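J.: Quick check, what structure comes out for this input:
(one chain, ligands or ions: 1)
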Amino acid sequence: MDRILEKITEEIEKGFTKAGYDAKYAKVTLSNRPDLCEYQCNGAMAAAKAYKKAPLMIANDVIAALEGNDVLESVEAVNPGFINMKITKAFVSDYLNAMQADEFLGVEQAEAPKTIMLDYGGPNVAKPLHVGHLRSAVIGESIKRMGRAVGHKMIGDVHLGDWGLQMGLIITELKERKPELVYFQEDYTGEYPAEAPFTIGELEEIYPVASGKSKEDEAYKAKAMEATHQLQQGNPGYMALWNHIMTVSVNDLKRNYARLDVSFDLWKKESDAQPYIPEMVDYLKKNGYAHEDQGALVVDVKEETDTKEIPPCMILKSDGASLYNTTDLATIVERMKLFHPDEIIYVVDKRQDLYFTQVFRCARKARLVDEDTTLTFLGFGTMNGKDGKPFKTREGGVMRLENLLNEINEEMYKKIVDNRSVKEEDAHKTSEIVGLSAIKYGDLSNQASKDYVFDVDRFTSFEGDTGPYILYTTVRIKSILNRFKEEGGDIEVGTILGAVSDSEKALMLSLSQYGAVINNAFDEKAPHKICAYIYELANAFNRFYHETKILSEENKEQQSSWIRMLVLTRDVLEHSVQMLGFSAPEKM
Ligand code: ARG
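T.: Predicted coordinates:
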């Protein structure tokens, strides 16, 4: 279905044409000054140059030509040549009825759906998920859902970090602690045990210890590097350990992501890209893309227009070892081969910006990626504590995601029990649902590239620009609808009529923008635009609700119009939060 802005633009185009001006100047936008008008057209200013006429004269000509149309309730020309408009109540209500009948509620579906791969999450095996991984998961999940809502094929890949030195570190530390394990016996030929020689708790304790030691002890570090090398060469005992580490770790990661309602289509890992490396390196050399520089193999990626130095992309170190870059390039090769995506979006900490510039340039230059495949880096800012420094525990350590979730849920539980509208046995489940909205909305309502302050008190508040406020509003609508049903009403019948109050018209205008907001938010990969929209919608709803007695309305036609509008508001809110990655409970 056409969006409301397009419909209004069509109407204004008629005015421009009739008055003798080109219809291309008729573009209508939402008003910058909602106090003065609902929509505006600034085309008279541009037309003034073409027609060598004062913009105000043109605006007035167009307005005269619009006389008698049934879309505009009022229209006026304002200096220097703005055309300010309000649309008729019937036009808005017609639009809302059409929107309600549309299965996508007016969200335009992609004509040629794209295959878009999303590289997000990016946790590292055997290290606990920490808050740094939270943003990638939350933002990536939302973009994936937004893409699906506009009709694209989205493939989410967790791209596990399983190939680096961390594996060698863990193996080395295990060997120090339990040298008797069969994995370390060189002449061992039997089967390796099916059970892992550690729990996830032990694994998570081992990694930081090993990492700490390697920073202080050169010999230890050398051992860890050697173990990494051996693993990569296929040492059977180390491979068996690696498999255990993977199983134990991935189970734990899946449990954590499930709590966040984040799910991946692919659980690919850095090691999956390794088989592509030898051929890729050969190709880069043969075709003259890569050259040797002080023993290392590099691809130059600087460009003439660069204003800052972009160092070459290193493919192999002087000892022949591959790097993070090599893996990312090989992953691109793999993705092209297996999925042939139209776009790959990386949702990664913005501090990796330069790194991705190098990788993308190298992939393009060496044609590892098709010319019409877009590579997008979506860098996000840091999640800070109230002190403005990267978020830490009260003791100053790295906050584990798990503990953060628990803390938020406890906070939410207190509030929900205080409210007394939820039964004790449901309170924990409800706290989890609402707690998740607090975390996700708190994150997503900021522009992704900016740093933000994670403020538990603010995020869990039922008032203000928060997830719980949006859910509270949704629950409020659901409970009105339930009461209406209990009194014998049918929420599926009725037509939305023209607004009878200013607050109702404001709510209707807000609802009518839904489709455009979603399409635009996806185009700009900007979940914060959905947050800003639903916050405004929730405010418009609450204003309307405070002024309107719905359940006691005697005029049944009027009442069912409002009920239908409530249903539409509920659906818009629920679809929106679903795209943000959370959902509303029945009560809270
Ligand atoms: N594992 C990496 C980290 O923790 C993030 C991976 C991001 N994705 C990628 N394709 N490099 O920093």
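J.: tell me the helices in the stretch 51-200 of the chain, going along the chain?
T.: 55-66, 89-101, 131-149, 165-177, 200-216 (DSSP state H, counting those that start in this stretch).
J.: Tell me which of those helices sits most buried.
T.: Highest mean neighbour count of the helices of the stretch 51-200 of the chain: helix 131-149, a mean of 24 (counted as mean count of other Cβ atoms under 10 Å). Quick note: C-beta positions are derived from backbone N, CA and C, even for glycine.
J.: same question for that one, mean pLDDT?
T.: Mean per-residue pLDDT for helix 131-149: 95.
J.: ok, which residues in the stretch 151-300 of the chain are in contact with the ligand?
T.: Contact residues (Cβ under 6 Å from any ligand atom) of the stretch 151-300 of the chain with the ligand: 159, 161.
J.: Give me the below-cutoff pLDDT ranges for the stretch 151-300 of the chain.
T.: Within the stretch 151-300 of the chain, no range satisfies pLDDT under 70.
J.: Quick one: the strands in it, in order.
T.: 153-157, 290-293, 296-299 (DSSP state E, counting those that start in this stretch).
J.: Residue 429: which of these is closest?
T.: strand 153-157 (25.9 Å; Cβ to Cβ).
J.: distance between that closest one and the chain's centre?
T.: 13 Å (Cα atoms, centre = their mean, to the nearest Å).
J.: same thing with stretch 527-538?
T.: 14 Å.
J.: so who does the nearest residue to residue 226 once chain neighbours are set aside touch?
T.: The shortest distance from residue 226 to any non-neighbouring residue, by Cβ to Cβ, 6 or more residues apart in numbering, is to residue 168 (7.4 Å). Neighbouring residues of residue 168 by Cβ atoms under 8 Å, 6 or more residues apart in numbering: 224, 225, 226, 227, 228, 229, 231.
J.: Touching, residue 582 and residue 466? I think so.
T.: No - with contact defined as Cβ atoms under 8 Å, residue 582 does not reach residue 466; the gap is 11.9 Å.
J.: Common neighbours of the two, please.
T.: 437, 441.
J.: more crowded one of the two?
T.: Remark: of residue 582 and residue 466, residue 582 carries more neighbours, 25 against 22, as counted by other Cβ atoms under 10 Å.
J.: Any idea what the closest residue to the ligand within the stretch 301-450 of the chain is bridged to?
T.: Closest contact between the stretch 301-450 of the chain and the ligand, by Cβ to the nearest ligand atom, is at residue 348 (4.5 Å). Under DSSP bridges, the beta-bridge partners of residue 348 are residue 379.
J.: Test my guess that it contacts residue 118.
T.: No - with contacts counted by Cβ under 8 Å, residue 348 stays clear of residue 118, the gap being 11.1 Å.
J.: Show me what counts as buried in stretch 265-277.
T.: 266, 268, 269, 270, 271, 272, 273, 274, 276, 277 (16 or more other Cβ atoms under 10 Å).
J.: and the residue lying farthest from the centre of the chain, what are its phi and psi?
T.: Here the chain reaches farthest from its C-alpha mean at residue 187, the gap being 50.4 Å by Cα atoms, centre = their mean. As for residue 187, its main-chain torsions (degrees, to the nearest 10) stand at phi -90, psi 10.
J.: neighbours of residue 228, just the number please.
T.: Neighbour count of residue 228, defined by other Cβ under 10 Å: 22.
J.: which ones are touching the residue in the stretch 151-300 of the chain that the ligand sits nearest to?
T.: The minimum distance from the stretch 151-300 of the chain to the ligand, using Cβ to the nearest ligand atom, falls at residue 161 (3.4 Å). The neighbours of residue 161, taking Cβ under 8 Å, 6+ apart as the test, are 122, 123, 124, 125, 269, 270.
J.: Now flag whichever of these is closest to residue 338.
T.: Comparing the contacts of residue 161 against residue 338 with Cβ to Cβ places residue 269 closest, at 14.1 Å.
J.: I figured that closest one hits residue 160, correct?
T.: Yes - applying Cβ under 8 Å, one finds residue 269 in contact with residue 160, separated by 3.8 Å.
J.: which neighbours do those two share?
T.: In contact with both residue 269 and residue 160: residue 125, using Cβ under 8 Å, 6+ apart.
J.: tilt between whichever strand or helix holds residue 9 and helix 55-66?
T.: Using DSSP states H and E, the element containing residue 9 is helix 4-18. Helix 4-18 runs at 100 degrees relative to helix 55-66, counting by axes from the mean of the first three to the mean of the last three Cα atoms, to 10 degrees.
J.: Contacts for helix 4-18, please.
T.: By Cβ under 8 Å, 6+ apart, the list of residues contacting helix 4-18 from outside reads 2, 22-23, 25-30, 39, 41, 43, 47, 62-63, 65-66, 69, 71-72, 83, 85, 87, 91-92, 95, 512-513, 515-516.
J.: Now a PyMOL select for only the buried ones of those.
T.: Command for PyMOL that selects the buried part of those, burial taken from 16+ other Cβ under 10 Å:
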select buried, resi 23+25+26+27+28+39+41+43+47+62+63+65+66+71+72+83+85+87+91+92+95+512+513+515+516
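J.: Narrow the contacts of helix 4-18 to those in strands?
T.: 28, 29, 30, 39, 41, 72, 83, 85, 87 (DSSP state E).
J.: Distance to residue 334 added to the buried residues of stretch 265-277, as JSON lines?
T.: As requested, these are arranged in JSON lines below (distance: Cβ to Cβ, whole Å):
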{"residue": "266", "distance to residue 334": "11"}
{"residue": "268", "distance to residue 334": "8"}
{"residue": "269", "distance to residue 334": "11"}
{"residue": "270", "distance to residue 334": "11"}
{"residue": "271", "distance to residue 334": "11"}
{"residue": "272", "distance to residue 334": "7"}
{"residue": "273", "distance to residue 334": "5"}
{"residue": "274", "distance to residue 334": "10"}
{"residue": "276", "distance to residue 334": "5"}
{"residue": "277", "distance to residue 334": "10"}
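J.: and those, which two are the farthest apart?
T.: Greatest spacing in these, by Cβ to Cβ: 266 and 277 (19.4 Å).
J.: Residue 348 and residue 118: which is more packed in?
T.: Neighbour totals were compared for residue 348 and residue 118, and residue 118 leads with 28 against 23 (other Cβ under 10 Å).
J.: what's the spacing between that one and residue 559?
T.: According to Cβ to Cβ, to the nearest Å, residue 118 stands 45 Å off from residue 559.
J.: wait, what's in contact with residue 77?
T.: Applying Cβ under 8 Å, 6+ apart, the residues near residue 77 are 44, 56, 59, 60, 63, 83, 84.
J.: hmm, stretch 396-405 touching the ligand?
T.: No - on the criterion Cβ under 6 Å from any ligand atom, stretch 396-405 is out of touch with the ligand, staying 12.6 Å away.
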